[in-house]
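Peer 1: The sequence and its predicted three-dimensional model are supplied below.
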Amino acid sequence: MALLEMSFQSDVLGFEQQLAVILPDPRALKLEENGAPDTDDLTVLYLLHGYHGNHLDWTRYTMLERFVEESRKKIAVVMPSGLTYYYADMARGWKYFTYIAEEVPLLAKSYFHISAKPENTHVAGLSMGGAGSVKLALTYPERYATVSSFSGALDPVGRANKIDVIAPERAAHYNNIYGDDKQARIGGAEDIMHLLDVAAASGKKLPKIYQACGTADFLWEDNLAFRDKALSLGYDLEFYQEEGVGHEWTFWNSEVKKLIDRLPASAI
């Protein structure tokens, strides 16, 4: 297994970005006729970090590498950076959603020749990354087999509209992301609760949702609201709660282990 870190110039963002990628040992893979490793059947996981994080968080603060290694599965894990911009196409700023949804998969497929098949593609994240993951899966349900959210910020527009009270020091930052008109944010492309309705009405096959949150997490109520609405709309959703757990890496370490264990992937 290899852990790679790459820097590149993003055409979407207009400046240099980084990716961390976990790949299986090519010597353990089947070979194509030309002798190159056959990566078409790799299970691909796009794994997003939380607020204040970066592309190295999952490998710094969890045992992700060990979990992938011990799983003995053909898994590629792609971890991009999203800074603190909620993986959004900002009202004033950069197009981070377009970057995550379009450019990152294109680069991953081009550089590492990993599968583009929806049945092999999964997305997950924690906190802000949970929001980004769910937004990807609801905006493009045809691209992902599953989505997993750990302590996800699953009502970012609702929280942004209350930021003057919750954390007034972040108000200008959230206005740059979502715009100044609070009413216009509701029902838009960044409103995950609204996207539940849009995807459910699309007629497309919807990815299975796994959602986990601790009962002492400050995002607990948002997670309950998302769960209840998704279930009412007929989504295939599995919900896990852990009593007394807050917003913490011990919980996310446990959850990413469970994610690797349940990912459908052939053995190395």
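Peer 2: Sure, I can see it. Residues are numbered from 1 along each chain as shown.
Peer 1: Just give the nearest non-adjacent residue to Asp261, would you?
Peer 2: Leaving out its chain neighbours, the residue that sits closest to Asp261 by Cβ to Cβ, 6 or more residues apart in numbering is Ser71, at 6.8 Å. C-beta coordinates here come from the backbone N, C-alpha and C atoms, glycine included.
Peer 1: Am I right that that neighbour is in contact with Arg262?
Peer 2: No. Applying Cβ atoms under 8 Å, one finds Ser71 not in contact with Arg262, separated by 10.2 Å.
Peer 1: partners of Val147 in the sheet?
Peer 2: Taking DSSP bridges as the rule, Val147 bridges to Val123, Ile209.
Peer 1: Neighbours of it, how many?
Peer 2: Residues lying near Val147 (other Cβ atoms under 10 Å) number 26.
Peer 1: tell me the contacts of it?
Peer 2: Taking Cβ atoms under 8 Å, 6 or more residues apart in numbering, we find Val147 in contact with His122, Val123, Ala124, Ser133, Val134, Leu136, Ala137, Pro207, Lys208, Ile209, Tyr210.
Peer 1: Are we agreed that the fifth one is in a helix?
Peer 2: What it means is Val134. Yes. Val134 forms part of a helix when assessed by DSSP: H, G, I helix; E, B strand; the rest coil.
Peer 1: what residues are up against it?
Peer 2: For Val134, the contact set (Cβ under 8 Å, 6+ apart) comprises Val147, Ser149, Gly152, Leu154, Ile192, Leu195, Ile209, Phe226.
Peer 1: Over to the fourth one?
Peer 2: The contact partners of Ser133, by Cβ under 8 Å, 6+ apart, come to Tyr46, Leu48, Val123, Ala124, Gly125, Val147, Ser148, Ser149, Gly152.
Peer 1: The same query, at a cut-off of 10 Å, please.
Peer 2: By Cβ atoms under 10 Å, 6 or more residues apart in numbering, Ser133 lies in contact with 46-48, 87, 100, 122-126, 144, 146-150, 152, 154, 209.
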